[in-house]
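**Student:** Quick one, fold the following:
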Amino acid sequence: FVSFVRAYKEHQCNYIFQLDKLDLGGVAMAMGLLKLPRMPELKGVAITGFQPDRVDVSTLKYKDKVREKARLIRIKNAEKAAEEEEGKYETRQERVGKMRKESWSKSNRLVKKTEKRDKLERFISRSQARATGVSPPMSDFSDEEEDLQSDTRLLKKLRQGRISRGEFDEGFGGDGSD
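**Tutor:** Reported below is the predicted structural model:
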């Protein structure tokens, strides 16, 4: 169901495949869903025609005894964790506050700012080095990376027709034979 809804929403022919005109309740019933999954595509969408079953899936047992035993252990561990978690925080706001001190967008902006600052510092040091005639420090690029970049530039010039094959071979270090 999730894959179907996402494919329907992201289809290139969105003039034909319009998610808001699709009977999602009917599709869910046709697929035999017991309940609708939580997914961002369904937020704010009114779904009609779907009757969720009142089956508690946590009470369904496995036929295989090993899997059933593992399921019971998992349920017991989840209950213990829920009890421990319940006593930790007094309110939901405290729990959410502990989980995230800073919003994602703010932390992402901070990372981008430091990246921009580093890039600007590298640019300034290279431009100053060019102006003074002193080569830039080798900490930014290794010799192999510089060779690869110069070879790539030569190849690009050859493809654009700005240099001849002989000039390319000379700059690349080849002997001119294929």
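**Student:** For the rest of this, base every contact and every neighbour count on C-alpha atoms.
**Tutor:** OK.
**Student:** Please look at residue 1 and residue 31 and confirm they touch.
**Tutor:** Yes - A contact is recorded between residue 1 and residue 31 when judged using CA atoms under 8 Å, the distance being 7.3 Å.
**Student:** Residue 46 - how many residues pack around it?
**Tutor:** 10 (other CA atoms under 10 Å).
**Student:** Between residue 1 and residue 31, tell me which one has more neighbours.
**Tutor:** Just comparing residue 1 and residue 31: by other CA under 10 Å the higher neighbour count belongs to residue 1, 15 against 10.
**Student:** Any figure for the gap between the more buried one and residue 29?
**Tutor:** Shown here: residue 1 relative to residue 29, a distance of 10 Å by CA to CA, to the nearest Å.
**Student:** do residue 76 as well
**Tutor:** Separation of residue 76 from residue 29 (CA to CA): 32 Å.
**Student:** ok, those two, which is more surrounded?
**Tutor:** In this comparison of residue 76 against residue 29, neighbours counted by other CA under 10 Å, the higher total goes to residue 29 at 16 against 12.
**Student:** buried set for the helix or strand harbouring that one?
**Tutor:** Assigning secondary structure by DSSP states H and E places residue 29 in helix 24-30. Going by neighbour count (16 or more other CA atoms under 10 Å), the buried part of helix 24-30 is 24-25, 27-29.
**Student:** do stretch 121-138 as well
**Tutor:** With burial defined by 16+ other CA under 10 Å, the residues of stretch 121-138 counted as buried are residue 126.
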